[in-house]
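Undergrad: sequence-free structure coming up:
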């Protein structure tokens, strides 16, 4: 996991908890002084280990959102995973020690129904939440950008988010308004998304990403003889960064000056 020296470091965070593609700033993980703590997880697929760990290790109730995975393939979305019914085996099947609720909803720029799927906004789910009360995970295959743009327009909304874990996709079109997005010039699409990443740093400190892991696995000089690899939309000299995971903590939780 990479960590920028200008952002929340290990000392400021009182240590890190690494899990999959997530980096949790431990200063942000306690619930003792958090009224009504809640985790919001968007993009569940068959199993959402992020919300299970948030529930079973950090004792945070969760709400799960996904409108694509068939409930028969996903016990948490079907509501059949154990729900606050006792201890869970860390190496066992789906299980939640604190209450969870599942919703057949996608994340989008406005509420409605698109192609028969229910779409809700991040703002509506954060409405009424207390300051620094909400752990947030977004992995929605390109639909994250409009949700983040809306979040950035609301100081109250940003103040409610304690941590943010997300997978960003530079080359995916969003589920809602797909055609309008694809008609934009590529440079405009990229600049819009880069601005979102830059603006997040005003209120959130980056505590890690999996870019370093990606770099270690990207060897175009041996894997793509004769430049046969598709050129990524976003890249550095040695790797594609079209898609990566990144973790943030609200700066209000860090010592002054971090």
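TA: Everything's here; your move. This is a predicted model, so every value here is computed, not measured.
Undergrad: identify the bridge partners of residue 100.
TA: residue 62 (DSSP bridges).
Undergrad: count residues in the vicinity of it, would you?
TA: 24 (other Cβ atoms under 10 Å). C-betas here are computed from N, CA, C, even on glycine.
Undergrad: likewise residue 211?
TA: Neighbour count for residue 211, taken as other Cβ under 10 Å: 16.
Undergrad: quick check on the spatially closest residue to residue 15 that is not a sequence neighbour: phi, psi?
TA: Distances taken as Cβ to Cβ, 6 or more residues apart in numbering put residue 26 closest to residue 15, at 4.5 Å, once the chain neighbours are dropped. Here is the backbone geometry of residue 26 (degrees, to the nearest 10): phi -60, psi -20.
Undergrad: report how many residues lie close to residue 26.
TA: Neighbour tally, residue 26, other Cβ under 10 Å: 14.
Undergrad: so it sits against residue 12, correct?
TA: No. The pair residue 26 / residue 12 is not scored as a contact, 10.4 Å apart, by Cβ atoms under 8 Å.
Undergrad: which residues of the stretch 1-150 of the chain score low on pLDDT?
TA: 1-8 (pLDDT under 70).
Undergrad: show me where it has its helices.
TA: Per DSSP state H, counting those that start in this stretch, the stretch 1-150 of the chain carries helices over the ranges 10-13, 49-56, 75-78, 122-126, 144-152.
Undergrad: just the residues contacting the longest one, thanks.
TA: Going back to what we said before, that points to helix 144-152. With Cβ atoms under 8 Å, 6 or more residues apart in numbering as the test, helix 144-152 has contacts from 42, 107-109, 121-123, 126, 138, 140, 157-158, 161, 166-169, 174, 176-177, 192-193, 196, 199-200.
Undergrad: what does the fourth one give?
TA: Counting by Cβ under 8 Å, 6+ apart, helix 122-126 makes contact with 40, 42, 63, 65, 107, 111, 134, 147, 150-151, 154, 157, 160-161, all of which sit outside it.
Undergrad: quick check, nearest of those residues to residue 222?
TA: residue 42 (36.8 Å; Cβ to Cβ).
Undergrad: what's the spacing between residue 241 and residue 171?
TA: Counting by Cβ to Cβ, to the nearest Å, the gap between residue 241 and residue 171 amounts to 10 Å.
Undergrad: same question for residue 45.
TA: Distance from residue 45 to residue 171, by Cβ to Cβ: 19 Å.
Undergrad: thinking again about what came up before, what about the contacts of helix 122-126, which are in strands?
TA: Counting by DSSP state E, the contacts of helix 122-126 place 40, 42, 63, 65, 107, 134, 161 in strands.
Undergrad: where does pLDDT dip in the stretch 151-258 of the chain?
TA: Checking the stretch 151-258 of the chain against pLDDT under 70 turns up 212-221, 223-239, 257-258.
Undergrad: need the strands for it, in chain order.
TA: Ranges of strands within the stretch 151-258 of the chain are 161-169, 204-209, 235-236, 239-240, 243-250, based on DSSP state E, counting those that start in this stretch.
Undergrad: mind putting the ones you listed into a markdown table with mean neighbour count?
TA: Converted to a markdown table, those look like this (neighbours: other Cβ atoms under 10 Å):
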| stretch | mean neighbour count |
| --- | --- |
| strand 161-169 | 23 |
| strand 204-209 | 24 |
| strand 235-236 | 12 |
| strand 239-240 | 19 |
| strand 243-250 | 23 |
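Undergrad: out of those strands, the one nearest residue 117 is which?
TA: Nearest to residue 117 among the strands of the stretch 151-258 of the chain is strand 161-169 (18.4 Å), distances taken as Cβ to Cβ.
Undergrad: which helices and strands sit right next to that closest one?
TA: Applying 3 or more Cβ pairs under 8 Å, 6 or more residues apart in numbering; DSSP states H and E, one finds that strand 161-169 makes contact with strand 22-25, strand 134-138, helix 144-152, helix 186-203, strand 243-250.
Undergrad: partner strands of that strand, parallel or antiparallel?
TA: By DSSP bridges, strand 161-169 pairs with strand 134-138 (parallel), strand 243-250 (antiparallel).
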